[in-house]
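Visitor: sequence isn't available, so here's the structure alone:
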Ligand SMILES: Cc1ncc(COP(=O)(O)O)c(C=O)c1O
Ligand SMILES: N[C@H](C=O)CCC(=O)O
């Protein structure tokens, strides 16, 4: 038995399913999860000392690659001053100034500890501002695990066999309405059926939790128009896309401004951080200015802020990072189209996905058509050859500045081998 197997057996005795987040359990690919002991640049190393080229990047935060010296040194400096004060710090001011300076629609921003918290709080702010209860989300989009968001959710929920999660009271889910991604008519219909009752429409501007699904031309602008016409707030969940698809995120890339935006992952550089922000008049409803209550003992933690600030400053000062990961994304998608005949290849910038269905994949239903048993065989083939990708069809493949053209060519070549092996 290898060390990962041993650790998994121990873990299962004391942690539900042996993991602290379900997708990590490798359940949908029928394997024992690898326990990771360290990571550097584009490589991660498991407890048995095996090296893998990593295309998960901690699910997005590691846009510069693992263990980047600029981030590591900032953390080391911050740690020397103490781990947490439960009081305001200069780091938080700098972080807020940086985010507001990067994203025109964000006039005020509040730091929290995860993407889940960011979304939950943004939704509360939208409800407080509009004095309405209902919310529109899209099937297959994932916005963390707060009760109201576990309705037709993406990510691990798509493979868990509990599409809407047990334990969510019907009263919490009742106000969550679901529309189809890339289908403006389905949103129009919900507005028509619920006049004056919808507080917000929340969307992943590029859906990256049902595999990767790009917004069709006009979809995001159409959502902007529908929200304006109906007095609802438009919330972009940029937990994955923020500071990844451009420094100003999906809003910059697609030229659409949201009323509220949520962040996580990259702004924490690997530390547990989230944030929500947006128009001043909405964010001024948040306590202590307004009556929408939201708080956090560790929010704006100095060590986490130091890590996030170091990464964001580096990104702001090195636009060539975006040029590099964009070009890697294009190269990988081209390689996959050649390597994987009959499969849909999707993505935007440094997010990519290979769907085991011919596609086109445009929403939850078409994503769900993927052959997950075949995906599991593909995943195992890659893992055996030292390539670590997300252990589920319904996740993204993340590229970082540490990846090279050689890495993505090797990945495409390995996938081509898988397809050849399958034929024989
Ligand atoms: C788009 C999106 N929103 C929200 C979340 C929730 O973030 P967290 O896992 O940090 O709570 C995630 C990822 O998990 C995500 O991908
Ligand atoms: N899709 C999720 C985040 O983006 C995967 C991370 C997790 O659930 O552990």
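Guide: Thanks, I have it. Predicted, not measured: the structure shown is a model, and the values here were computed from it. Ligands and ions are numbered 1, 2, ... in the order given.

Visitor: give the contact list for the closest residue to residue 271 other than its chain neighbours.
Guide: Leaving aside its chain neighbours, residue 271 sits nearest to residue 304 (3.8 Å; criterion: C-beta to C-beta, 6 or more residues apart in numbering). For the C-beta atoms, the positions are set from N, CA and C on the backbone; glycine is no exception. Neighbouring residues of residue 304 by C-beta atoms under 8 Å, 6 or more residues apart in numbering: 268, 271, 272, 273, 298.

Visitor: ok, now with 6 Å
Guide: By C-beta atoms under 6 Å, 6 or more residues apart in numbering, the residues touching residue 304 are 268, 271, 273.

Visitor: isn't the first one right up against residue 308?
Guide: Yes: with contact defined as C-beta atoms under 6 Å, residue 268 and residue 308 form a contacting pair (4.9 Å).

Visitor: shared neighbours of the two, anything?
Guide: By C-beta under 6 Å, 6+ apart, no residue touches both residue 268 and residue 308.

Visitor: so which of these two has more stuff around it?
Guide: The neighbour comparison of residue 268 against residue 308 (other C-beta atoms under 10 Å) goes to residue 308, with 31 against 25.

Visitor: chain center to the helix or strand containing the more buried one, what's the gap?
Guide: Assessed by DSSP states H and E, residue 308 sits inside helix 302-317. Remark: helix 302-317 is offset 18 Å from the chain centroid, using C-alpha atoms, centre = their mean, to the nearest Å.

Visitor: same question for stretch 57-66.
Guide: For stretch 57-66, the distance from its own C-alpha centre to the chain's C-alpha centre is 11 Å (C-alpha atoms, centre = their mean).

Visitor: and the closest residue to ligand 2 within the stretch 251-400 of the chain, how many neighbours?
Guide: Closest residue of the stretch 251-400 of the chain to ligand 2, C-beta to the nearest ligand atom: residue 395 (5.4 Å). Look at residue 395: counted by other C-beta under 10 Å, it has 25 neighbours.

Visitor: quick one: it and residue 419, what's the gap?
Guide: As judged by C-beta to C-beta, to the nearest Å, residue 395 and residue 419 stand 21 Å apart.

Visitor: quick one, phi/psi of residue 112?
Guide: Note on residue 112: its backbone torsions stand at phi -130, psi -160 [degrees, to the nearest 10].

Visitor: please read the previous query as pertaining to residue 347.
Guide: According to degrees, to the nearest 10, residue 347 has phi 150, psi 170.

Visitor: ok, it - how many residues close by?
Guide: Using other C-beta under 10 Å, residue 347 has 23 neighbouring residues.

Visitor: show me what contacts residue 91?
Guide: So, once contact is read as C-beta under 6 Å, 6+ apart, residue 91 ends up touching 302, 305, 306.

Visitor: how about a cut-off of 10 Å?
Guide: By C-beta atoms under 10 Å, 6 or more residues apart in numbering, the contact set of residue 91 is 74, 78, 81, 111, 300-309.

Visitor: ditto for residue 111
Guide: Residues near residue 111 by C-beta under 10 Å, 6+ apart: 91-92, 95-96, 99, 117-118, 263, 267-268, 273-277, 296, 298-301, 304-305, 308.

Visitor: where does residue 178 sit: helix, strand or coil?
Guide: strand (DSSP: H, G, I helix; E, B strand; the rest coil).

Visitor: residues near it, how many?
Guide: By other C-beta under 10 Å, the burial measure for residue 178, its neighbour count, is 20.

Visitor: next one: it from residue 225, what distance?
Guide: Distance from residue 178 to residue 225, counting by C-beta to C-beta: 20 Å.

Visitor: repeat for residue 81
Guide: The gap separating residue 81 from residue 225 is 48 Å, by C-beta to C-beta.

Visitor: in which helix or strand would I find residue 417?
Guide: Residue 417 belongs to helix 405-423, assigned by DSSP H and E.

Visitor: and the residue of the stretch 1-150 of the chain nearest ligand 1?
Guide: residue 115 (2.3 Å).

Visitor: count of residues packed around the closest residue to residue 389 other than its chain neighbours?
Guide: Setting aside the residues directly before and after it, residue 389 is nearest to residue 55 in space (C-beta to C-beta, 6+ apart), at 4.8 Å. Number of residues near residue 55 (other C-beta under 10 Å) recorded here: 22.

Visitor: need phi/psi at residue 55.
Guide: According to degrees, to the nearest 10, residue 55 has phi -110, psi 20.

Visitor: list the residues that contact it.
Guide: 42, 332, 352, 382, 387-390, 396-400, 403, 407-408, 411.

Visitor: what's the answer for residue 140, then?
Guide: 152-155, 157-158, 178, 180-181, 204, 207, 209-211, 213, 363-368, 394.

Visitor: and these, which of them are buried?
Guide: Among the contacts of residue 140, the ones that count as buried by 16 or more other C-beta atoms under 10 Å are 152-155, 157-158, 178, 180-181, 204, 207, 209-211, 213, 363-364, 366-368, 394.

Visitor: the residues you listed in helices, which ones?
Guide: Cross-referencing these against helices under DSSP state H gives 364, 366, 367, 368.
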